[in-house]
Every structure is written in C-alpha cells, then in structure tokens.
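Novice: Sequence first, predicted coordinates after that:
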Amino acid sequence: MTTPLPSENLRRYPPFDRFEPEALSYLDSQLTSAKFPAKTVLISPEKGEPQSMFIVTRGRVQASDADAKGDVDLTLSVGECFPIGALSGYRVSANIYTAVTELEVYLLPAASFHRLMTISPEFSRYCSGYLATLVNQSRQQLQAYFAQQASEQQSLNTPLHALIKRAPISVTSTASIQQAVETMGEHKVGSVIVIDAHGAPIGLMTQSDVVRRIVLGRAPLENPITDVMSIEPATLPDSASAYDAMFAMASRGIRHLLLVDEAGRLSGIISERDLFALQRVNLGQVRRAIESAESIDALKMALHDVQQSAFNMLAQGVGAEQLTQFISALNDAVTERVLAFSLRRHELDDIEWSWLAFGSEGREEQTLYTDQDNGIVFVKPVDGDITAARARLLAFAKEVTIDLDRCGFPLCKGNIMASNPEWCLTLDEWKAKFSGWIASPQPKALLNATIFFDFRPLHGARELAQRMHKHLFELSVPDSAFQRMLAANALTATPPLGMIRDFVVESDEQGNAFIDLKKSGARLFVDSARVLALAHGVDAASTVKRLRRTAKLKGAAGDEVEALIDAFNFIQLLRLRHQHLEVGQGRPGDNRIFIGRLNQLDRRILKEAFRQAKKLQQRIKMNYQL
C-alpha cells in the first residue's frame, strides 16, 4: 500500500488547503516525520532559536507563556503549526511547547521554512498575519453561505465613484436664485449643488427650499443663491464604499450624499436609489419607516427589516464592527421614535434632561438580540423641586421602557432602566454615584462600573453626558488603586481554553456542549479595553476604538492591536451569525455557540481568538502586578 504524501494529509487544514501546487511539492520534499512521548518539552526559551516548524499529525501540544508562571495559553491539535512567530523573527520562542500525549508531527527545517515563505505567497501571508488570514477565510466561508440565500447583489465594498451615473448639476456661489432655478428646470432635477471657487460643495438647494424659502418666503429672484441654500450638505469621499454611504444615509436619515475627490472638489452625487441594486431592503426606507412610524406595531415591522438588512450585509461580507455599529444606529432611531411617542403625552420642556444608553448600546456594539440598559440624567430644576421632576421623568420612562419591550427590546432583568429611580438621577447624583464607586470599589461597585461607565446620550441635552464623562475621567485617570481593582475584576472571567480538550464548555439541558460568547468571549476584550481607556482618559465608547486609541500608550496593546481587534470582531461575527440563524428558526437569539456545530476553521480561529484574549489579560495583569 502506497504511503500518502504529507501534503495529502495536510490539505484538509489551513493554510495548507490554500497552498499553491509548487508549495505542496516543496513540502513533500522537505517534511520528515517524528514521534515524541508525552511530557516531552519540544520548544522552550532555554533551547534557543527553534530549528524546525512542527505540524501536529496526532496528539496534542500544550503551549505555555514562559513568563506567566506556567499558565496555559492554549492546546494545539491536529493540523496546527508552531512556533510561527519565533521562526519568522529568527528569535527564541516566548512559549514553552510540551507534548500532552504521545505525539506525531511533521518537521520542517528552519531553512526550509524561510524558503517556503519565498515560494508560497499564501504561506507568507499566513505567517505575517496569522489570525487576520484565518478570520478572512472564515468571513469568506460565511459570506458564501449567506450569499446562497441572498439574491445576486453588487458588493457593498464597491467604491462610490463606480456608482456615479452622471456629472452633478451645480452652480457657483455667485449665481442668483433665478439662475439656480433655471438650471434645475433645464436639467429636470430636483436639486442643485452650490460650489465655491475651488469646486468644493458648500450648499444645496432642493425643490422644498424653492417652495419654502423662495415662494413662501418671497425671496427676490435676483438675490444670490447663498441666501436660500441649505448649508453644510452631507458629503463623503468618492473613494468611500457603498456601505459607508448606506450607513451615513441610515444613521442621518437622509436620501442623498455629495461625493468629493481627494482635493475636496465635487465629483458626484449618490442617492438611495443608486443603492437599490445593492440591498433588497433599502436602508433609507428602513430609517424613514422608523421615523414616520405612528405605532409600536409599525416599529416592530421596521425592526424586522433591520434584521433582514443585517442578513444582506452578512451575505455581502461586511465585518462585525460595521454591522454592530449599523444595528446600533437603527436601534437608536427606534428608541428616539418611542421617546417621541411618549413626549406627546408628557410635557418635559421645563426640565433639562438626557436619555442615556449603557452597556453594549452605549458602546455601539449591539447584536441582533439585546435587552434594555438605559437611564436618565437631568439638572436640578429652577424651582429646586427634584422630587417632583424625578416623578415626572419616571412616569415618562416607564412608558418608554414598556414600549421598547413591545418593540422587541426586552426589559432588563437587572432593572437597569430609566424607569428605576436608582438610574433616573440628577447630574450631581450621577457624579456622586461615580465618585462612590471609584472611592470604594466593592464587588457591586465594580459590577456597576462595567455597565455604567460605557454610556452615551441618545436624546435631549447631550452635553450632560459630556459632563459625566469629564467627571469620570477626572476621578479614574489618577486613581491607580481603583484601576487595579477594576483590572482584577476584568480578570475574573478567563478564556475557555482547555489543557486537554480544546475548550472548556458548558452543557445545555440536552447535554450539548456550548460556550456563551458574550460572557466568556466578548466580555474578555470589553472589560480589558475599558480598563485601558479609563487609565489613559481615552473618551471612546467602543471596544475597538479603545484598543486602537490606547495601542501606543504605556502598558497597552502595542503592535498586537490588530490581532486583538481581529479576535474580538470574529467573536462578534460568530454571535451575529448564530443569532440570525436562531431568529430565522423562530427562536429568541442568544449567545450560545455549540462547539460541535462549528467547522474546523472556525474552531481553530476561535481558539486563537481566545489566545489573543489571554494575551490582553496578561498585559493587564502585568500592568497592575496582579
């Protein structure tokens, strides 16, 4: 019986499943087989620079951080290679690799490893962007899966300049109103763009402006167009993607965007009509359906379209960061509409107040299934009667939270809602809350910090939230003792990596193994990023922005930040995919990923994502000597 070539065994595993024929032939000529008994130390710092790349063909290998007092980073199994980083950098390995069981491997000599990188662009990309490469492969699989269910659509990554159908109709700022109106009539368009002497757009006049400002406002036709135009029109670079235009229209509630080139000159105009071919559900229509809804039932229908739009975006390969931002923006619009319903029945104009979003909504990281986390901040009334003002706001908030629940945002089981008097507070009371939690960081205070320190305003006097942020940073940035306690709290949840099995799992009622990707996945990154942001006074709500903005600061992520972001976004993408499938089958979405249902690639990336979470936690641990 002919012994199969190494490449025949390896082609089932990434990155070998994508290798070029020449690279596979080279592997066959260079690989040798080896066996090691259990407990053999294969690679360690003491052994110097590694002489070979190991590819596991049977058994398991434990990888431990040499400086982490024996803590296990992960377990490597069949198809996985190591130590990529040490070989690529011609350096000693930072990890200790030990055979957990009897082990069989292929060995690729170090010189052959470097030669393979020159032969195979695929292998070179794999080594230079290990996690990013795997995540991209998974996204391609995910996109292909959903694309089978979606209509053939143009890519949302299409640059906007490719969608421009004709030159924009414009007049200069020196034109008269009459000249502008005549230009609109000549070209049979509903608007005309006003540009300055350099060709940059400075205004827009639409048919509604003609009626409202010229006809009804009796503006003389000889007056300059600048007297009646709408100023500061919405613009985007023409190099931006169709997704960027779609998100801008959905989040701002507009139908048109002006496009500018690299020099800032007007190059085109894009309308929601131009994006029809990209989306079966039109996002501008979703936004307008929300804004024009006159009942909770209408809002529920609009939210169904939000879910359909998210599905279409999954089919287009849109990333998790953009998807959660998009979902959060439309959920914000629903909340604002519900607030508007209740404001018709509650007169609050004499109170300065703001509706606050906390938790995932506060971070703009909402997935398809999310409950309510909200509150109210208000200013002590002129008459000084805080009790009466709070009672009015609570009655208003109770209606809002009930209506949000009817729309599809469940009531918070922990009662973290504006209808709870504990979270309907004056600005001074919120400041006192923050001060108390930071001064005395007991377990409950630390739990509150993980919820209430991620906030942003959705409606009302937004500057109140800015003053809350300012107070928070003034207290937290210099308080290393509080930061240390918050860091210790962030380390109470650990990545679910097993020493023998790949993952540490929970079991449902039927005995199926699962991991809760919210509490045992996304939370690991969210909590660590929050510590870094508070330590450095970085006023960014989202986890990705916090990691990026703190990356180059002392004790932060450094050059590893993109791998951390890839890991976090992959976990978010798995949550979105799972929730979409759950909702599609008539079940409420959750965050339980059943390990047995993951394909081999996703299992591998998930393991690497948890390893990145471990690295981030190790950095936090070292910063605060925990």
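Specialist: That came in fine, so what should we check first?
Novice: how near is E232 to L258?
Specialist: E232 is 11 Å from L258, where distance means C-beta to C-beta, to the nearest Å. The way it works is simple: take the backbone N, C-alpha and C, and place the C-beta from them, glycine included.
Novice: Who has more neighbours out of these two?
Specialist: L258 (21 against 9; other C-beta atoms under 10 Å).
Novice: Bridge partners for the more buried one, pull those for me.
Specialist: T235, I269 (DSSP bridges).
Novice: Now do the contacts for the nearest residue to L204 once chain neighbours are set aside.
Specialist: Spatial nearest neighbour of L204, excluding adjacent residues (C-beta to C-beta, 6 or more residues apart in numbering): P233 at 4.3 Å. Contacts for P233 (C-beta atoms under 8 Å, 6 or more residues apart in numbering) come out as 193, 201-204, 258.
Novice: ok, now A310?
Specialist: Applying C-beta under 8 Å, 6+ apart, the residues contacting A310 are 323, 326-327, 368, 576, 580.
Novice: From T426, how far off is I55?
Specialist: For I55 relative to T426 (C-beta to C-beta), the value is 63 Å.
Novice: Give the other helices and strands that the strand or helix carrying L472 contacts.
Specialist: Element membership of L472 [criterion: DSSP states H and E] is helix 463-476. Identification of packing neighbours for helix 463-476 by 3 or more C-beta pairs under 8 Å, 6 or more residues apart in numbering; DSSP states H and E yields strand 353-358, strand 374-378, helix 427-439, strand 455-460, helix 480-490, helix 523-536.
Novice: Extract the C-alpha set from stretch 10-26 and format it as PDB.
Specialist: C-alpha atoms of stretch 10-26 as PDB (Å, rounded to 0.1, in the frame of the first residue of the first chain):
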ATOM      1  CA  LEU A  10      -2.300  18.400   5.300                       C
ATOM      2  CA  ARG A  11      -4.500  19.700   2.600                       C
ATOM      3  CA  ARG A  12      -7.500  19.400   4.900                       C
ATOM      4  CA  TYR A  13      -6.100  22.100   7.200                       C
ATOM      5  CA  PRO A  14      -5.500  25.800   6.800                       C
ATOM      6  CA  PRO A  15      -3.200  27.200   5.500                       C
ATOM      7  CA  PHE A  16      -2.200  24.100   3.600                       C
ATOM      8  CA  ASP A  17      -5.700  23.900   2.000                       C
ATOM      9  CA  ARG A  18      -4.800  27.000   0.000                       C
ATOM     10  CA  PHE A  19      -1.200  26.200  -0.900                       C
ATOM     11  CA  GLU A  20       0.000  26.500  -4.500                       C
ATOM     12  CA  PRO A  21       1.000  23.300  -6.200                       C
ATOM     13  CA  GLU A  22       4.700  24.300  -6.200                       C
ATOM     14  CA  ALA A  23       4.500  24.900  -2.400                       C
ATOM     15  CA  LEU A  24       2.800  21.500  -1.800                       C
ATOM     16  CA  SER A  25       5.500  19.700  -3.800                       C
ATOM     17  CA  TYR A  26       8.200  21.600  -1.800                       C
END
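Novice: And for it, what's in contact with it?
Specialist: Residues contacting stretch 10-26 (C-beta under 8 Å, 6+ apart): 7, 27, 55, 78-80, 106, 112, 115-116, 119-123, 126, 133-134, 137, 600-601, 604.
Novice: and if we set it to 6 Å?
Specialist: If you take C-beta atoms under 6 Å, 6 or more residues apart in numbering as the criterion, stretch 10-26 is touched by 7, 79, 119-120, 122, 126, 601.
Novice: nearest to K39, of those?
Specialist: Set against K39, the nearest of those by C-beta to C-beta is G79 (22.2 Å).
Novice: Pull up the per-residue confidence for the closest residue to that closest one other than its chain neighbours.
Specialist: If the residues on either side of it in the chain are set aside, G79 comes closest to Y13, at 3.1 Å by C-beta to C-beta, 6+ apart. Model confidence at Y13, given as pLDDT, is 88.
Novice: how near is Y13 to I593?
Specialist: For Y13, the distance to I593 - C-beta to C-beta - is 21 Å.
Novice: between the two, who's got more neighbours?
Specialist: Each of Y13 and I593 has its neighbours counted (other C-beta under 10 Å); I593 has more, 23 against 18.
Novice: Show the contacting residues for V338.
Specialist: 400, 403-404.
Novice: before we move on, back to that, please identify the deepest-packed of the helices and strands packed on helix 463-476.
Specialist: Mean neighbours per residue, mean count of other C-beta atoms under 10 Å, is largest over those for strand 374-378, with a mean of 26.
Novice: Next SSE downstream of that strand?
Specialist: Counting by DSSP H and E, what follows strand 374-378 is helix 386-407.
Novice: Which residues belonging to that next one are considered buried?
Specialist: 386, 389-390, 392-393, 396-397, 399-401, 403-405, 407 (16 or more other C-beta atoms under 10 Å).
Novice: A167: which of these is nearest?
Specialist: For those, the nearest to A167 is C407 (43.1 Å; C-beta to C-beta).
Novice: Most widely separated two among the contacts of stretch 10-26?
Specialist: Farthest pair in the contacts of stretch 10-26, by C-beta to C-beta: I119 and L601, 23.3 Å.
Novice: Adding neighbour count, pLDDT and distance to L475, write the contacts of stretch 10-26 out as a markdown table.
Specialist: Putting the contacts of stretch 10-26 into a markdown table (neighbours: other C-beta atoms under 10 Å; pLDDT from 0 to 100; distance: C-beta to C-beta, whole Å) gives the following:
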| residue | neighbour count | pLDDT | distance to L475 |
| --- | --- | --- | --- |
| S7 | 19 | 88 | 60 |
| G79 | 17 | 89 | 49 |
| I119 | 17 | 91 | 57 |
| S120 | 22 | 91 | 53 |
| E122 | 18 | 86 | 51 |
| Y126 | 22 | 80 | 45 |
| L601 | 17 | 73 | 45 |
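Novice: tell me which helix or strand of the chain sits lowest on mean pLDDT?
Specialist: helix 130-147 (a mean of 63; mean pLDDT, DSSP states H and E).
Novice: Can you identify the element that follows that helix toward the C-terminus?
Specialist: strand 170-172.
Novice: Need the contact partners of that next one.
Specialist: 180, 183, 192-193, 195.
Novice: is it true that A522 touches L573?
Specialist: No: look at A522 against L573 with C-beta atoms under 6 Å: they stay out of range, at 10.8 Å.
Novice: list the residues that contact both of these two?
Specialist: Common neighbours of A522 and L573 (C-beta under 6 Å, 6+ apart) do not exist.
Novice: ok so, going back, look at the residue nearest to L204 and give its secondary structure.
Specialist: coil (DSSP: H, G, I helix; E, B strand; the rest coil).
Novice: ok, it to L259 distance?
Specialist: 11 Å.
Novice: Report the contact partners of the spatially most central residue of the chain.
Specialist: Closest residue to the average C-alpha location of the chain: E321 at 2.5 Å, with C-alpha atoms, centre = their mean. E321 is in contact with 544, 569, counting by C-beta under 6 Å, 6+ apart.
Novice: how about it, secondary structure?
Specialist: Per three-state DSSP, E321 ends up helix.
Novice: I'd like to know how far it sits from L581.
Specialist: For E321, the distance to L581 - C-beta to C-beta - is 21 Å.
Novice: Tell me the gap between stretch 437-446 and the middle of its chain.
Specialist: 28 Å (C-alpha atoms, centre = their mean, to the nearest Å).
Novice: So which residues make contact with that stretch?
Specialist: Outside stretch 437-446, the residues touching it (C-beta under 6 Å, 6+ apart) are 448-449, 475-476, 479, 482, 485, 489.
Novice: Widest-spaced pair of the residues you listed?
Specialist: Farthest pair in the contacts of stretch 437-446, by C-beta to C-beta: L475 and N489, 16.9 Å.
Novice: how about the helices in the stretch 1-150 of the chain?
Specialist: Counting by DSSP state H, counting those that start in this stretch, the stretch 1-150 of the chain has helices at residues 6-10, 21-30, 84-88, 110-119, 121-128, 130-147.
Novice: Appreciated, that's everything.
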